[in-house]
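Novice: mind folding the following:
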Amino acid sequence: MGVSPKLYVNKPKKAQLKQQQPSSPPPPAPPPSSSSSMASSASARSAAPPPQPPKESFVRRYKYLWPMLLAVNFSIGAYLFMRTKKKDVGTEEGKMPYVPSAASTAAATAVSEKENEVTKEVATPPPVLPVIVREPIPENQQRELFKWMLEEKRRVEPKDHEEKRRIDEEKAVLKHFIRAKSIPVL
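Specialist: This is a model prediction of the structure:
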């Protein structure tokens, strides 16, 4: 008659199974003739410690911690997502912010007033930055600047054919400006 298999909640290691299963039948106990033999057999039985249950896995040990960890991660992700959305609301995708000039501000306010009347919303006008009017650069300084740019373009070593073609086109434009009688105002 064979030994029926046992079902374990936590699978024991092979060494623990070998300790539990005797490979050969135990020797018959000698008749208790003296008290010293009883003490030695009791100490032999107590020398083998009982098998300790194996430790639970990390996931099972902290099974109440996982939902809390997931909730915290989700809330941090939602916060970061919403924070970046609020920053993007002010500017449209792919367009630079418009800086109005002094001439176009009157027209822009008239248009915004019409829109406010139609939509009944109060919109703040875009901030008006003062336009800095600079003195025009004299032609001789512009020519010197173009000559310097041309020298720098000549020093550049192109990496491929496409970059060489682009640099040659830029040099041709610079030469055209240097040779021209009048230079466009920058």
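
Novice: helices of the protein, start to end?
Specialist: Counting by DSSP state H, one finds helices in the chain at the ranges 14-20, 35-47, 58-61, 65-88, 102-119, 139-155, 161-179.

Novice: and the last one, what does it pack onto?
Specialist: For helix 161-179, the helices and strands in contact under the criterion 3 or more Cβ pairs under 8 Å, 6 or more residues apart in numbering; DSSP states H and E are helix 139-155. Yep, even glycine has a C-beta here, placed from its N, CA and C like the rest.

Novice: for the helix it packs on, buried residues please.
Specialist: 142, 145, 146, 149, 150 (16 or more other Cβ atoms under 10 Å).

Novice: for residue 149, see how far away the first one is.
Specialist: Residue 142 sits 10 Å away from residue 149, taking Cβ to Cβ, to the nearest Å as the criterion.

Novice: hang on, the earlier thing: closest to residue 14 out of the buried residues of helix 139-155?
Specialist: In terms of Cβ to Cβ, no member of those lies closer to residue 14 than residue 149, at 80.5 Å.

Novice: just give me the neighbour total for the residue nearest to the closest one when sequence neighbours are not counted.
Specialist: The shortest distance from residue 149 to any non-neighbouring residue, by Cβ to Cβ, 6 or more residues apart in numbering, is to residue 174 (5.6 Å). Using other Cβ atoms under 10 Å, residue 174 has 19 neighbouring residues.

Novice: change the start of the numbering to 870 and stick with it
Specialist: Sure thing, new numbering starts at 870, so read that last one as residue 1043.

Novice: which of the buried residues of helix 1008-1024 lies closest to residue 926?
Specialist: Once Cβ to Cβ is applied, the member of the buried residues of helix 1008-1024 that ends up nearest residue 926 is residue 1018, at 68.9 Å.

Novice: surely the closest one and residue 1046 touch.
Specialist: No. Between residue 1018 and residue 1046 there is no contact, the gap being 9.4 Å when judged by Cβ atoms under 8 Å.

Novice: what do those two both touch?
Specialist: Contact criterion Cβ atoms under 8 Å, 6 or more residues apart in numbering; residues shared by residue 1018 and residue 1046: none found.

Novice: sketch out the low-pLDDT regions of this structure for me.
Specialist: 870-877, 891-917, 955-992, 1054-1055 (pLDDT under 70).
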